[in-house]
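[1] From the sequence below, what's the structure:
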Amino acid sequence: MSSIQNYAVKRYLSLMKAGIISSGRLNDIPSMRLGFDRLVQQLEMPKNIYFKRFYIGELSAAWIKPYKANDEVVLLYLHGGGYAVGSVTSHRALVARIAQVSKVYALAIDYRLAPENPFPAALEDAVVAYKWLLLNGYKAKNIVVAGDSAGGGLCLAMLLKLRDDAVDLPAAAVCLSPWTDPKFFNTCS
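    Purely as a prediction, here's the structure:
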(Lines give C-alpha, C1' and ligand atoms only; values in the text may rest on other atoms or scores of the structure.)
Protein backbone atom coordinates (compact mmCIF):
# COMPACT_ATOMS: atom_id res chain seq x y z
CA MET A 1 0.00 0.00 0.00
CA SER A 2 1.38 3.41 -0.92
CA SER A 3 2.00 5.97 1.76
CA ILE A 4 -0.99 8.04 0.58
CA GLN A 5 -3.28 5.00 0.78
CA ASN A 6 -1.80 4.10 4.16
CA TYR A 7 -2.44 7.61 5.45
CA ALA A 8 -6.03 7.58 4.12
CA VAL A 9 -6.85 4.24 5.76
CA LYS A 10 -5.30 5.28 9.09
CA ARG A 11 -7.13 8.61 8.99
CA TYR A 12 -10.45 6.94 8.14
CA LEU A 13 -10.02 4.40 10.94
CA SER A 14 -9.21 7.20 13.38
CA LEU A 15 -12.30 9.18 12.35
CA MET A 16 -14.46 6.06 12.44
CA LYS A 17 -13.22 5.22 15.96
CA ALA A 18 -13.85 8.78 17.14
CA GLY A 19 -17.33 8.72 15.59
CA ILE A 20 -18.24 5.41 17.19
CA ILE A 21 -17.04 6.55 20.61
CA SER A 22 -18.77 9.96 20.42
CA SER A 23 -22.03 8.44 19.15
CA GLY A 24 -22.21 6.04 22.06
CA ARG A 25 -22.27 3.09 19.63
CA LEU A 26 -19.17 1.51 21.14
CA ASN A 27 -21.19 -1.59 21.92
CA ASP A 28 -22.99 -1.64 18.56
CA ILE A 29 -20.98 -4.57 17.29
CA PRO A 30 -23.08 -5.28 14.17
CA SER A 31 -22.50 -1.69 12.96
CA MET A 32 -18.80 -1.94 13.76
CA ARG A 33 -18.56 -5.19 11.76
CA LEU A 34 -20.40 -3.74 8.79
CA GLY A 35 -18.31 -0.57 8.83
CA PHE A 36 -15.06 -2.49 9.08
CA ASP A 37 -16.00 -4.79 6.19
CA ARG A 38 -17.12 -1.85 4.04
CA LEU A 39 -13.94 0.09 4.73
CA VAL A 40 -11.49 -2.68 3.94
CA GLN A 41 -13.59 -4.10 1.11
CA GLN A 42 -12.64 -1.00 -0.87
CA LEU A 43 -9.11 -2.38 -1.26
CA GLU A 44 -8.81 -3.85 -4.73
CA MET A 45 -8.32 -7.55 -5.28
CA PRO A 46 -5.26 -8.33 -7.36
CA LYS A 47 -5.88 -9.52 -10.89
CA ASN A 48 -6.02 -13.20 -11.89
CA ILE A 49 -7.46 -14.41 -8.58
CA TYR A 50 -10.17 -17.05 -8.32
CA PHE A 51 -12.37 -16.30 -5.31
CA LYS A 52 -15.06 -18.79 -4.31
CA ARG A 53 -17.15 -18.89 -1.13
CA PHE A 54 -18.37 -22.22 0.26
CA TYR A 55 -19.11 -23.96 3.54
CA ILE A 56 -17.19 -26.46 5.61
CA GLY A 57 -20.19 -27.85 7.49
CA GLU A 58 -21.66 -24.63 8.95
CA LEU A 59 -18.37 -22.72 8.73
CA SER A 60 -18.27 -20.06 6.00
CA ALA A 61 -15.03 -20.20 4.05
CA ALA A 62 -13.48 -19.03 0.80
CA TRP A 63 -10.89 -20.36 -1.61
CA ILE A 64 -8.53 -17.70 -2.90
CA LYS A 65 -6.52 -19.15 -5.75
CA PRO A 66 -4.01 -17.17 -7.78
CA TYR A 67 -3.45 -18.05 -11.41
CA LYS A 68 -0.51 -20.47 -11.79
CA ALA A 69 -0.33 -21.26 -8.07
CA ASN A 70 1.00 -24.48 -6.60
CA ASP A 71 -2.19 -26.45 -5.89
CA GLU A 72 -0.42 -28.80 -3.47
CA VAL A 73 0.42 -26.05 -0.99
CA VAL A 74 -2.21 -24.11 0.94
CA LEU A 75 -2.26 -21.17 3.29
CA LEU A 76 -4.95 -21.30 6.00
CA TYR A 77 -5.56 -17.65 6.87
CA LEU A 78 -7.24 -16.49 10.09
CA HIS A 79 -8.31 -12.84 9.96
CA GLY A 80 -7.76 -10.27 12.65
CA GLY A 81 -10.32 -8.00 14.26
CA GLY A 82 -10.13 -8.49 18.01
CA TYR A 83 -12.21 -11.69 17.79
CA ALA A 84 -15.29 -9.43 17.39
CA VAL A 85 -14.97 -7.93 13.89
CA GLY A 86 -13.27 -8.91 10.64
CA SER A 87 -14.17 -11.54 8.08
CA VAL A 88 -13.19 -13.12 4.80
CA THR A 89 -14.73 -10.03 3.19
CA SER A 90 -12.56 -7.59 5.13
CA HIS A 91 -9.35 -9.55 4.57
CA ARG A 92 -9.80 -11.03 1.09
CA ALA A 93 -7.57 -8.48 -0.69
CA LEU A 94 -4.79 -8.99 1.87
CA VAL A 95 -5.04 -12.79 1.68
CA ALA A 96 -5.17 -12.66 -2.14
CA ARG A 97 -1.97 -10.61 -2.24
CA ILE A 98 -0.18 -12.97 0.14
CA ALA A 99 -1.34 -16.00 -1.87
CA GLN A 100 -0.37 -14.37 -5.16
CA VAL A 101 3.13 -13.44 -4.02
CA SER A 102 3.58 -16.88 -2.41
CA LYS A 103 2.09 -18.65 -5.44
CA VAL A 104 -0.10 -20.88 -3.23
CA TYR A 105 -3.80 -21.47 -2.69
CA ALA A 106 -5.35 -19.82 0.35
CA LEU A 107 -8.28 -20.88 2.48
CA ALA A 108 -9.82 -18.10 4.58
CA ILE A 109 -12.57 -18.73 7.11
CA ASP A 110 -15.24 -16.71 8.88
CA TYR A 111 -14.67 -18.11 12.34
CA ARG A 112 -17.39 -17.43 14.91
CA LEU A 113 -17.03 -14.02 16.52
CA ALA A 114 -17.40 -12.80 20.09
CA PRO A 115 -19.32 -11.80 22.09
CA GLU A 116 -22.07 -14.05 20.69
CA ASN A 117 -19.60 -16.92 20.45
CA PRO A 118 -17.18 -16.87 23.39
CA PHE A 119 -13.95 -18.83 23.62
CA PRO A 120 -13.28 -21.52 22.41
CA ALA A 121 -15.61 -21.03 19.39
CA ALA A 122 -13.02 -19.34 17.13
CA LEU A 123 -10.41 -21.93 18.08
CA GLU A 124 -12.79 -24.79 17.32
CA ASP A 125 -13.53 -23.30 13.88
CA ALA A 126 -9.82 -22.90 13.09
CA VAL A 127 -9.18 -26.54 14.03
CA VAL A 128 -12.16 -27.68 11.92
CA ALA A 129 -10.77 -25.84 8.89
CA TYR A 130 -7.28 -27.30 9.38
CA LYS A 131 -8.62 -30.84 9.76
CA TRP A 132 -10.82 -30.30 6.69
CA LEU A 133 -7.68 -29.52 4.67
CA LEU A 134 -6.09 -32.74 5.91
CA LEU A 135 -9.22 -34.74 5.06
CA ASN A 136 -9.22 -33.22 1.58
CA GLY A 137 -5.77 -34.45 0.68
CA TYR A 138 -3.49 -31.66 1.80
CA LYS A 139 -0.47 -32.91 3.67
CA ALA A 140 0.47 -31.16 6.91
CA LYS A 141 3.93 -30.51 5.45
CA ASN A 142 2.23 -28.47 2.69
CA ILE A 143 0.03 -26.33 4.92
CA VAL A 144 1.01 -22.95 6.34
CA VAL A 145 -1.25 -21.22 8.85
CA ALA A 146 -1.20 -17.46 9.11
CA GLY A 147 -3.13 -14.62 10.65
CA ASP A 148 -2.97 -11.01 11.69
CA SER A 149 -3.72 -9.52 15.10
CA ALA A 150 -6.35 -11.74 16.76
CA GLY A 151 -5.92 -14.16 13.85
CA GLY A 152 -2.21 -14.41 14.69
CA GLY A 153 -3.04 -15.23 18.29
CA LEU A 154 -5.58 -17.75 17.03
CA CYS A 155 -2.85 -19.39 14.90
CA LEU A 156 -0.74 -19.92 17.99
CA ALA A 157 -3.68 -21.26 20.02
CA MET A 158 -4.55 -23.62 17.16
CA LEU A 159 -0.98 -24.96 17.03
CA LEU A 160 -1.12 -25.76 20.74
CA LYS A 161 -4.52 -27.45 20.36
CA LEU A 162 -3.31 -29.53 17.39
CA ARG A 163 -0.21 -30.54 19.32
CA ASP A 164 -2.24 -31.48 22.39
CA ASP A 165 -4.63 -33.52 20.21
CA ALA A 166 -1.69 -35.27 18.46
CA VAL A 167 -2.70 -33.92 15.03
CA ASP A 168 0.10 -33.51 12.47
CA LEU A 169 1.31 -29.92 12.68
CA PRO A 170 1.52 -27.60 9.67
CA ALA A 171 4.83 -26.80 8.02
CA ALA A 172 4.89 -23.25 9.33
CA ALA A 173 2.93 -20.49 11.02
CA VAL A 174 3.13 -16.80 10.21
CA CYS A 175 1.77 -14.39 12.79
CA LEU A 176 1.45 -10.76 11.70
CA SER A 177 1.40 -8.57 14.84
CA PRO A 178 -0.34 -11.33 16.80
CA TRP A 179 -2.61 -10.40 19.66
CA THR A 180 -1.34 -12.75 22.33
CA ASP A 181 -2.39 -10.98 25.53
CA PRO A 182 -6.15 -10.31 25.74
CA LYS A 183 -5.61 -8.72 29.17
CA PHE A 184 -3.87 -5.81 27.40
CA PHE A 185 -7.18 -4.06 26.68
CA ASN A 186 -8.19 -4.25 30.34
CA THR A 187 -5.26 -1.94 31.11
CA CYS A 188 -6.30 0.64 28.49
CA SER A 189 -8.88 3.26 29.38
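
[2] quick one, helices of the chain?
    For the chain, the helices defined by DSSP state H cover 3-23, 29-41, 88-102, 121-135, 150-164.

[3] Buried residues, the last one. List them.
    So that's helix 150-164. Neighbour-count burial for helix 150-164, with 16 or more other C-beta atoms under 10 Å as criterion, is recorded at 150-159, 161-162. Yep, even glycine has a C-beta here, placed from its N, CA and C like the rest.

[4] from memory Met89 sits against Gln41, does it?
    Quick fix: residue 89 is Thr, not Met. Yes. If you go by C-beta atoms under 8 Å, Thr89 and Gln41 touch, sitting 5.7 Å apart.

[5] For those two, indicate the residue with more neighbours.
    Thr89 (20 against 15; other C-beta atoms under 10 Å).

[6] Which residue is the nearest non-sequential neighbour of that one?
    Distance criterion C-beta to C-beta, 6 or more residues apart in numbering; nearest residue to Thr89, sequence neighbours excluded, is Asp37 at 4.7 Å.

[7] ok, that neighbour touching Val88?
    No. Counting by C-beta under 8 Å, Val88 is not a contact partner of Asp37; they are 9.4 Å apart.

[8] Tell me which residue lies nearest the centroid of the chain.
    The centroid of the chain falls nearest to His79 when counting by C-alpha atoms, centre = their mean (1.3 Å).

[9] And that one, its phi and psi?
    phi -70, psi 160 (degrees, to the nearest 10).
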